[in-house]
Each structure stands twice: as C-alpha cells, then as structure tokens.
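Participant: Give the three-dimensional model of this entry:
(one chain, ligands or ions: 2)
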Amino acid sequence: MLFYRDKAGVPEKHFLDMEMVTYKEEYIRAMMAHKAELWTGVIRHLEMCVEDYFVQDERCQADCQGKTRMRGTEFSTGIADLIIDILTCRLNCEEQLSAVYSEPIDFFLQDIFHYLNFAYYKVGDYEKSAEAIASCLQLNGSHQVMKDNKEVLKKKIDYADEDFVARESVVEYAAQKREMQDLMDFINKNYKWPDINENVEDEEEDEDILQQDNVESDDWMTRYEKLGMHIIAKAEDLSRAQRFVTDGLLKPEQCEELLMLVEGIPVKASGALTFTLKLAQERLERSPDEEYEASLRLFIRAAEAIRHYTQRYTEAPDAYYLKHTSVVCWSQPSELKEKLDCYRQEHGSCVRFDDMSDELYVDAFTTVTYLNTADEDGDFVFLGENRGVDNSFGVKCGRTVGFNSGDRHTLKIPKGNSQRCAMVIDYTIYRSDDEKEYQDTLSLLHRVDELRLASAQKSSEVVMKAFDDKGVKIVKKSDDLQGKERFVADGLATDAQCNTLRNMVLEMGKAGDGYEGQKSPHTINEMFAGLSLVQVAQSGALVGDGYDHLKSKTFFVSPHTEHELYQGITIYRASKLMHMGMISTFGLRAFLELSEDARLLVEKYFNLTKPLYFDYTHLVCRTAIDDSKSQRQDLSHPVHADNCLLQPDGSCTKDYPAFTQRDYSAILYLNADFEGGEFFFAHSNKSEQVSLRPKCGRLVGFNAGEFHGVRAVKSGQRCALALWFTHNPNFKELAHIQARKTLKQVEKDQQSEEKIVHEDL
Ligand SMILES: O=C(O)CCC(=O)C(=O)O
Ligand SMILES: [Fe+2]
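Facilitator: Ligands and ions are numbered 1, 2, ... in the order given. Here you go, the predicted model:
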C-alpha cells in the first residue's frame, strides 16, 4: 500500500485501507489522544484496542489451522511439517497484527500497556496503572521502563510486588505464546526436518484438505462461540438437512443502523417492502448522504460476515458467493383479500404451497438475519410434508436462520403496525452469478468521495457569497498575517450560539463528579478541579456508549501550563450527553452547525480541490487558575504546527506521533471576556509574527503546517471550538455522523412526545 501510495500520479483518495480493523483505528485514536494529553481518551481507546486485538489474534491463530495443510504422503514427516507450518504461522500472528497502516510497530502489545500505564497514572488510577505495568512485564520481563515505573509506583502508594497483577487475558496470551515458542525451540534444537519438496502433491491431497476443512470449521465454531454467536438449533433439531439457527450475528446497534436502510421505502399492498443495493445506489447517486452511506457500508460488512459464518458452518465444499442481498420487512397487508393458499416468503413474495420446490439444491443456500424483535406472531416457520409445520421460532436482532434455497418455509406477520425486518442473503457456488449490484455498490462507495469533490468544485464562489450575505466577513488574509495559507473571518457565530457552547462546558463543569478537592496526581502545584466534563477524545467510537467512562476521573490542568485549567468536550461526548438529557438539543445543534460552517468556510476560502473532512473537533476552555499571576511569561499553548513536530532547527517533521493526516485547522472563538490568551502566528524559530484577540464568532483558519501558539490566559476563561480537518476519508471523524443521527432521533422523539401531550389534552 505504501508503495502504491508513493507512486506518482496515484491520488491519495484512491486508497482506502479496507483491512483497517477496529483495534488499529482505536490505536490511532489513542495515539492522537496521547499527543493531546487527553488521558481518559487514551484509556478508552486503548482498552477497546486491547479487547479487539485479542479477538483478532484468536482469529489469526484459527486461520493458521485453515491455511496450512499436510503435504506429501509419508505420515510422520507430513504431520511434523504440518505442525511446524501451523506453529510458524501462529507465531507470526503478532507481527501481522502489529502493522498499522502497513507499517509494523515493534512491540505493539507491550507498547499499549506502556501507554496504558502512563494514562492510568495520569488520571490517578494507580490500581489500573499497576495492572498495566504487570501486564507489560508479563509480555516482556526485561522491559526496563516498566521496571522503573514499578519502583516509582511502589514508593508512591506503598505497593508491594504482589499488588502488581497482570490481566488474565495477557497472562493467557503470554502463556500460549511461550508454549508455542518453547515447542518451536525444542523442534529446532532436537530435530532437523528435511526441506519440503513442493512437487510431492498428489491425488491423495484432496482427502487431506477435506479433513483439514473439518478441523478448521470446528475450530471456527469455537471462535464464533467466543464472539457471542450461539448455535440455537441444528439440522438434527430442525427435521431437515442444512437447516440452522444461530444467535448473535449482529449487535443491537448494528440492527438499528441497518434498519435505517428501509426508511422511506414504500410498503406493497401485500405488506412487504424490500431494500436492494440497486435502490441504495439510486439513492446515493441522487443525494450523497453520509448517514445513509454509513448504514450501507455496515450492510456490506454484515453481508460479508454472515457469508463467512454460513460458509464455515455449513462446511460447504465450494465457496459461497453472494448472489442477492436485501432487507425485507413484513407488516400487515393493506388489502385483506389475500390469495388463498399463499405462503409468505422471507424474500418478500408469497407463493402457493404446490409451487414451492421440494428439493434441496446443490448450488444455492439462503440465510435470513433478523433486524428486530417481533412478537410471537412474527415467527419463522419451517414447513414439512403436506403443509405440516416442522418447526417455528421467534425472531430477534442478530438471529440468523440458514436453509437450502429449495427448502420450504414461511413466516407469520406480526400484529398491529409492527414491522418484521431481516437481511436476506442468497448464496451461489458460481462465481459468475456473483451479485453485480454488490460489486457496483462497492465501486460507488469509492466514487462517492469523488462525487462530493465535484460538487465542492462548483460552488466555491457561491458559498463564499452566501457567507458574505450572512454577515461572515474575511477580515485578514495571508498578506496581513504574514504567511501562506492563513485567514481570519468574523461573524461566523451569533452571541446566542457562543453562549450556548460556553454554557455547555460550564454546566458540565458544575455537574461535578465527586472528586472535588482531590489533589492532582502529578504535582502539588497542580490542582484537581472537580470538573466533571472532559470525557475527551472519545470521538469516533462505533460501539459502546462511553457511559462507563463518565465515571472515570476528570481533572484537567492544562497540558501546557500549570497556571491554567483545561476543560473540553468533543462532538461525541456532546452527542452522548444530549442523549442522556444533560445538554439541550439546541446545544448539540449549535455545536454541529458551527463546526460545519467552519469546515465549509475553510474548504471554500482556500478553494480546495479535494473535499475536507472533520478529523477531530474539540470545544475547549482554558481558565486562569490564579488571577494574581498576571506577570506570567509562559504560554497557554506553546508554538507548534498541528501536523508535524517542530524541531529545534526550525524544521517540522511529518512523522509519528504528529497527526500527519491533518491538512487544515480552524479555531472558532466564543468569547472575549478574559485577559491575555491571544492567538499568534509564529516564525519557525518560535518568535511571534502577528497576534489576534479572540472574540465571539471570530474564526482563524490556516494550513495545519503553519506555526502558531496561544499567549497565557492571565485571568478569566477563554473558550474556543478547535477543529482539525483532513483530506483523507479514512480519518473522517465518525462522531459527526453519529451526533447528527442522535440529534435527529431525539428531536423526532421530542416531537412525538409533544404530539402525545397534545392528544392527551
Ligand atoms: O486556541 C487556540 O487559539 C489555538 C489552539 C491550538 O493551536 C491547538 O489546540 O492546536
Ligand atoms: Fe494548534
């Protein structure tokens, strides 16, 4: 990937790392949070990273069983080779999993615990910090830094050796690895195996492959079980070959998101409605909509995962291809004169019993994965001979029923207005029958960014004029600001919007979290403010609601100066807090609208030819701790660039751990009632060039490589919305999409509540 990326003439946007899995994303987010010294964020993301890492490791280990097969015919050498192959493959998993963006990171897992140790220490959770130390040492007993940290912690909180207990998952992982390594060492030391001759393959191999497949499938099933997928009923229980029912193939939030795909699709008189990829394409071509796009991407991922499961479960000798994928919902029909003898099908049709096939096909299989729970009237029914019922069972989110496409089935329609929806997938063993729509949708999703680009190019002037009409004025340009890509605009936010955002931070501060008055974990000078907000850096989390982390300790002395408090809130937090009723919909709306206005203004002001995405959004206030220290010479934020590391010689290296993906930055100020706190652009030698006084509605926009800093806030509180943008869609801040969705939902709920109240009256 790096090779292609570097090749001239290949635009960045053509690269989507389809293999990017959650733990890697979480790792990257954690590193971002670490750079910003947002420790709760580091913890949250690393914990998710670790959890997923172990899942991926198990997958990798299991895959090794499947990939390797016995070669040759001589039994003992064959078996020995097989064992060595599997061992080598399994020992290689760690290296394989440590590649983030194709670049392997040495000691990835150790590193994670190193970072965790630090972050937990920073938030004052010494117990967890000790656990992280022990875990890191479990992986590498001679990790000098960890040994040192252990001593520090022992002194600090009077811990003994036995208080350092590694996590169970790590102990298990390390033990397993040690065992494999020992075996490998033993083999290497005691036996010399002949080189494998690749030419010895012969007819007997087929048998071996089949055996291997069996092993592999069994093994996979154990893995799947561990991932929460439970087989509810097998063919033996269901009266006919190939039938199965498995639970847990989708999580509730995934079902919820997939159900968005059927919104707006008309219900036919029969009571069925069908979502197809063709419809999705049409809709996406008509109006690119990020929310819809996210659901569609999930649909594609889910179909692939279910296919994978089905293939393994059925131990199908041929590969399954997706022939047709859809979402079908059934509800009460509008016309009551139903055809007699009509059996509703999961595919959305209704057929006569006699027209149903009675033979199992050799080449076609079907799965139905439910997206919601329907009452017992929504049962799925396997039909037997003479219209008899073999089995029937209820449906719920994530439950999947698999059967041969020729198998007879029907379903019951739930009562009332409720809808019964499912992802219905048909598989074929013929590659040529592969669903064209599926491939087309994949390419379309790739093209969506280009579509955005096209619309972006058209309207730069128009958009700037619209901003001007709204009273947004460009007050300083590059010449005034002595740099290449810099500007200042006024009038981007109203006083009401500024106050709403400021109050959001203040109120979160007032809510308190019971830690009032505690001492800072770092130095005596720094204080532990009882501010409950700052559940920072939690953007982009796809799963979990982050609620648990609300309970974690919050503090914040500025990471840059001990004379200021630093409190912030991300889009993700804001959306969660609104959901919990802790901030108003108005607040979140202002947050979202202002961010979008800022993004658009930067994109259009610089007349960018590539779309600009949110990378990270953070509402942050800096408060002078002690007003009397007005003689301070320190900076609230030292001179830096947002996407590279400023070196002493004035150069700026675009390298880890800088957020190199950031292309543009903007700060939207929310108030002026404080002393100090001027923003300034700087020379590479850190000397000041021009400075700006913040005020409500003022925005400074610049290339993320420009040097800048913030003078000390000498008294009062300075609040701003900091935004970082990227051209790279892989770094898109998903929290924006989520927040918009949450907002829409809550507003809809509020409306219907109002309606109910109205009707009650
Ligand atoms: O708040 C400001 O004016 C600038 C902050 C900044 O440069 C940053 O957070 O990277
Ligand atoms: Fe900055």
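Participant: So for the residue of the stretch 151-300 of the chain found nearest ligand 1, what's the nearest residue that isn't a sequence neighbour?
Facilitator: Going by Cβ to the nearest ligand atom, ligand 1 is nearest to residue 290 of the stretch 151-300 of the chain, at 25.4 Å. Bear in mind the C-beta positions are built from the backbone N, C-alpha and C, glycine included. Distances taken as Cβ to Cβ, 6 or more residues apart in numbering put residue 737 closest to residue 290, at 5.1 Å, once the chain neighbours are dropped.
Participant: Show the contacting residues for that neighbour.
Facilitator: 290-291, 294 (Cβ atoms under 8 Å, 6 or more residues apart in numbering).
Participant: And the helix or strand residue 464 falls within, what's buried?
Facilitator: If you go by DSSP states H and E, residue 464 is part of helix 460-469. By 16 or more other Cβ atoms under 10 Å, the buried positions in helix 460-469 come out as 460, 463-464, 467.
Participant: out of those, what pair is the most spread apart?
Facilitator: Within these, two members stand farthest from each other by Cβ to Cβ: 460 and 467, at 10.9 Å.
Participant: list residues touching both of those two?
Facilitator: Shared contacts of residue 460 and residue 467, defined by Cβ under 8 Å, 6+ apart, are found at residue 604.
Participant: Just after the lengthiest helix in the chain, pick out the following helix or strand.
Facilitator: Counting by DSSP state H, the longest helix found in the chain is helix 39-67. Using DSSP H and E, the next helix or strand after helix 39-67 towards the C-terminus is helix 75-91.
Participant: Tell me the helix or strand right after that next one.
Facilitator: By DSSP H and E, the next helix or strand past helix 75-91 is helix 93-97.
Participant: Off-centre distance for that following helix?
Facilitator: In terms of Cα atoms, centre = their mean, to the nearest Å, the centre of helix 93-97 is found 21 Å from the chain centre.
Participant: Which elements pack onto that helix?
Facilitator: When contacts are defined as 3 or more Cβ pairs under 8 Å, 6 or more residues apart in numbering; DSSP states H and E, helix 93-97 sits against helix 39-67, helix 108-122.
Participant: burial count for the residue of the stretch 151-300 of the chain closest to ligand 1?
Facilitator: 16 (other Cβ atoms under 10 Å).
Participant: Enumerate every residue touching it.
Facilitator: With Cβ under 8 Å, 6+ apart, residue 290 has these contacts: 736-737, 740.
Participant: Please apply the same query to residue 159.
Facilitator: Shown in contact with residue 159 (Cβ under 8 Å, 6+ apart): 126, 130, 153.
Participant: which residue sits closest to the closest residue to ligand 1 within the stretch 601-750 of the chain, ignoring its sequence neighbours?
Facilitator: Residue of the stretch 601-750 of the chain nearest ligand 1, by Cβ to the nearest ligand atom: residue 679 (3.9 Å). Excluding the flanking residues, the one nearest residue 679 by Cβ to Cβ, 6+ apart is residue 692, at 4.8 Å.
Participant: about what we covered before: what mean pLDDT does the helix or strand harbouring the residue nearest to residue 290 get?
Facilitator: Per DSSP H and E: residue 737 is located in helix 734-760. Here helix 734-760 scores 76 as its mean pLDDT.
Participant: about what we covered before: flag every buried residue along the longest helix of the chain.
Facilitator: Using 16+ other Cβ under 10 Å as the burial criterion, the residues of helix 39-67 that qualify are 39-66.
Participant: that older thread, I'd guessed the residue nearest to residue 679 sits against residue 700; true?
Facilitator: Yes. Counting by Cβ atoms under 8 Å, residue 700 is a contact partner of residue 692 at 6.1 Å.
Participant: Which among the helices and strands packed on helix 93-97 is found nearest to residue 90?
Facilitator: Closest among these, using Cβ to Cβ: helix 39-67, at 4.8 Å.
Participant: by how many degrees do the closest one and helix 75-91 diverge?
Facilitator: Following axes from the mean of the first three to the mean of the last three Cα atoms, to 10 degrees, one obtains 160 degrees for the angle between helix 39-67 and helix 75-91.
Participant: what ranges do the strands span in the stretch 451-600 of the chain?
Facilitator: Ranges of strands in the stretch 451-600 of the chain, per DSSP state E, counting those that start in this stretch, are 473-476, 486-490, 564-570.
Participant: Outside of the first one itself, list whatever touches it.
Facilitator: It refers to strand 473-476. Applying Cβ under 8 Å, 6+ apart, the contact partners of strand 473-476 are 486-491, 605, 692.
Participant: what helix or strand does residue 709 sit in?
Facilitator: Taking DSSP H and E as the criterion, residue 709 maps to strand 708-711.
Participant: what about that strand, average pLDDT?
Facilitator: The average pLDDT within strand 708-711 is 94.
Participant: List the buried residues in the strand or helix carrying residue 175.
Facilitator: Assigned by DSSP H and E, residue 175 belongs to helix 168-190. By 16+ other Cβ under 10 Å, the buried positions in helix 168-190 come out as 170, 173-174, 177, 180, 184.
Participant: How about the residues of the protein by ligand 1?
Facilitator: By Cβ under 6 Å from any ligand atom, the residues of the chain that approach ligand 1 are 637, 642, 667, 679, 708, 710, 720, 722.
Participant: from the residues you listed, which two are the most distant?
Facilitator: Maximum pairwise distance among the residues of the chain next to ligand 1 (Cβ to Cβ): 13.9 Å, between 642 and 720.
Participant: Looking at the record's assignment, how would you partition the protein?
Facilitator: As assigned by automatic domain parsing, the chain contains the domains 21-193, 223-447, 480-739.
Participant: Show me what the longest strand seen in the chain packs onto, helices and strands only.
Facilitator: For the chain, the strand that runs over the most residues, judged by DSSP state E, is strand 713-726. Here strand 713-726 touches helix 495-511, helix 585-605, strand 613-624, strand 662-669, strand 674-676, going by 3+ Cβ pairs under 8 Å, 6+ apart.
Participant: Including mean pLDDT, could those go into JSON lines?
Facilitator: JSON lines is the format used below for these (pLDDT from 0 to 100):
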{"stretch": "helix 495-511", "mean pLDDT": "76"}
{"stretch": "helix 585-605", "mean pLDDT": "93"}
{"stretch": "strand 613-624", "mean pLDDT": "86"}
{"stretch": "strand 662-669", "mean pLDDT": "97"}
{"stretch": "strand 674-676", "mean pLDDT": "92"}
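Participant: So for residue 439, which of the ones you listed sits nearest?
Facilitator: Using Cβ to Cβ, these put strand 613-624 closest to residue 439, at 25.4 Å.
Participant: Would you mind listing the outside residues contacting the next helix or strand after that closest one?
Facilitator: Per DSSP H and E, strand 613-624 leads on to strand 635-640 as the next helix or strand towards the C-terminus. Defining contact as Cβ under 8 Å, 6+ apart, one finds that strand 635-640 is touched by 558, 560-561, 564, 622, 646, 676-677, 682, 686, 707-713, 718.
Participant: could you redo the last one with a cut-off of 7 Å?
Facilitator: With contact meaning Cβ atoms under 7 Å, 6 or more residues apart in numbering, strand 635-640 is reached by 558, 560-561, 564, 622, 646, 677, 682, 686, 707-713.
Participant: next structured bit after it?
Facilitator: strand 645-646.
Participant: contact partners of that following strand?
Facilitator: Outside strand 645-646, the residues that touch it by Cβ under 7 Å, 6+ apart are 639-640, 652-653, 655, 658, 707.
Participant: In these, which residue is surrounded by the most others?
Facilitator: Counting by other Cβ under 10 Å, top hit in the contacts of strand 645-646: residue 707 with 24 neighbours.
Participant: Quick one: buried ones out of the residues of the chain next to ligand 1?
Facilitator: In those, the ones that pass as buried (16+ other Cβ under 10 Å) are 637, 642, 667, 679, 708, 710, 720, 722.
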